[in-house]
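K.L.:
Give me a 3D structure for the following:
(2 chains)
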Amino acid sequence: MQLRNTVDTYGALAKFLHWTIVILIIAQYVIIEAAEELPDGLEKLTVVTRHKSLGMLVLGLALVRIAWKLVNKAQPAPVPMPRPQRIAAAAGHGLLYVLILAQPISGWMMSSAANYPVTFFGWFQFPALVGANKELHEFYEEVHEFLFQALLVVAVIHVLAALYHHFVRKDDTLRRMLPFGRRRSV
Amino acid sequence: MNRSLLPGAGWLAALLLATPAAHAAGTWTTDAAHSRLEFTATLAGGDFGGTFRRFKADIDFDPADLAGSRFSVGVETASADTADAERDLALRGADFFAVERWPSARFSAERFIALGDGRFEALGKLTIRDTSREIRLPFSFKPVADGSRAELAGETTIRRLEYGVGQGEWQDTQWLGDKVRIRFTLQLRRHTTTQP
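P.N.:
So this is what the prediction gives:
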């Protein structure tokens, strides 16, 4: 499997970034739901702190993924499909990128508004995006929760679309993004 | 006695008892609205700041009369403000300042050393909760407006655990650092009333 994309399949880096981001986002949800159950204290603090570091990791990986998409000219050729469907796919993917970027940024703003530092696993500290402000903190908290629900809806549509391609249309759309997927011989 | 009926009365009384009526040195009134007492702590490898909203600084200071100079500062620990309600509540709680038992932190100093160039060092006693320690507090003293006003500013770093700030699980310094930076800027006005 080669690093770069080919006309047949996504390359190793694009696949790695795609699936790592998927796993991290699912982990992020599990982590923060677990934190909500904890009473205020050191344990909750440590769990929320990890959630924040992982969120910054998602942000970084998403930026790398977008950068890689931009420099990696060879994209797998689109599976033949009607124009409205192609437009919908492009819009859905664009929206996914926007949400994956906006979600950690809204969490970062939420922390900044509450005057909590955001670090990368304690190695270095990110600057505060906004000044301390209790009302803004609550606003960003709602934004953060709303964005997650929006991300969930778009991701479910994304998965359903991939499954539709794979099982109904029986084309290579899903297979070319699977970790060890190969294009069927045509 | 029901403590909650007299919030803050303890530290106020302590402050009044500790303040003699007359001094040889210059006596100043602290302009509370323009004075600040701030701290910076570390959480998970990052910094966050806070401020004490209410404190009373009795400053008798004259660079020409260090022997007659003294500081007496009372800080209302319940006024610690870190811009987050949950964290502020935790700071007031038993594991940190325990404000019900110890409503005030205090700093008093009667020994001063001139370091030159408007800089001095106060050798005094810092009390937080029920622990007192001798500390050296470097500061600058800048008279302004013909000496009718002055700015007194300085900073130092203390270790919170030496004062028991952080009990139980909070003695772990991996997440909440031990070192706390304290920074203050006092705007002083020369006391105009005649001392007896």
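K.L.:
And B:Arg133, its phi and psi?
P.N.:
phi -140, psi 150 (degrees, to the nearest 10).
K.L.:
Can you give me the distance of it to A:Asp171?
P.N.:
Distance from B:Arg133 to A:Asp171, counting by Cβ to Cβ, to the nearest Å: 73 Å. C-beta coordinates here come from the backbone N, C-alpha and C atoms, glycine included.
K.L.:
List the contacts of the residue of chain B found nearest chain A.
P.N.:
In chain B, the residue that lies nearest chain A is B:Gly46 (2.4 Å; Cβ to the nearest Cβ). Counting by Cβ atoms under 8 Å, 6 or more residues apart in numbering or on different chains, B:Gly46 touches A:116-119, A:122, A:125-126.
K.L.:
Could you tell me which residues of chain A lie near chain B?
P.N.:
Contact residues, chain A versus chain B (Cβ under 8 Å from any Cβ of the partner chain): A:40-43, A:45-46, A:49, A:114-119, A:121-126, A:132-134, A:137.
K.L.:
do that again at 6 Å, thanks
P.N.:
By Cβ under 6 Å from any Cβ of the partner chain, the residues of chain A that approach chain B are A:40, A:42, A:46, A:49, A:114-115, A:117, A:119, A:122, A:125, A:132.
K.L.:
tell me, what residue is most central in chain A?
P.N.:
Nearest to the mean C-alpha position of chain A, counting by Cα atoms, centre = their mean, stands A:Ile100 at 4.0 Å.
K.L.:
what about that one, which helix or strand?
P.N.:
Using DSSP states H and E, A:Ile100 sits within helix A:83-113.
K.L.:
ok so, going back, neighbour count: B:Arg133 and A:Asp171, which is higher?
P.N.:
Relative neighbour count places A:Asp171 above the other of B:Arg133 and A:Asp171, with 16 against 13, counting by other Cβ atoms under 10 Å in any protein chain shown.
K.L.:
need the residues of chain B near chain A, please.
P.N.:
Counting by Cβ under 6 Å from any Cβ, the positions of chain B adjacent to chain A are B:43-48, B:82-84, B:86, B:169, B:175.
K.L.:
list the buried ones in the helix holding A:Ile100?
P.N.:
When burial is assessed from 16 or more other Cβ atoms under 10 Å in any protein chain shown, helix A:83-113 yields the following buried residues: A:89, A:95-96, A:99-113.
K.L.:
And stretch A:31-41, by the same measure?
P.N.:
In stretch A:31-41, counting by 16+ other Cβ under 10 Å, buried: A:31-32, A:35.
K.L.:
go on, stretch B:151-167?
P.N.:
Buried residues in stretch B:151-167, counted by 16+ other Cβ under 10 Å: B:151-152, B:154, B:156, B:158, B:160-161, B:163-166.
K.L.:
Output those as JSON lines; include the columns secondary structure.
P.N.:
What follows is the buried residues of stretch B:151-167, written out as JSON lines (DSSP: H, G, I helix; E, B strand; the rest coil):
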{"residue": "B:Glu151", "secondary structure": "strand"}
{"residue": "B:Leu152", "secondary structure": "strand"}
{"residue": "B:Gly154", "secondary structure": "strand"}
{"residue": "B:Thr156", "secondary structure": "strand"}
{"residue": "B:Ile158", "secondary structure": "strand"}
{"residue": "B:Arg160", "secondary structure": "helix"}
{"residue": "B:Leu161", "secondary structure": "helix"}
{"residue": "B:Tyr163", "secondary structure": "helix"}
{"residue": "B:Gly164", "secondary structure": "coil"}
{"residue": "B:Val165", "secondary structure": "coil"}
{"residue": "B:Gly166", "secondary structure": "coil"}
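K.L.:
Which single one of the residues you listed is nearest to B:Arg119?
P.N.:
B:Arg119 lies nearest to B:Gly154 out of the buried residues of stretch B:151-167, by Cβ to Cβ, at 8.7 Å.
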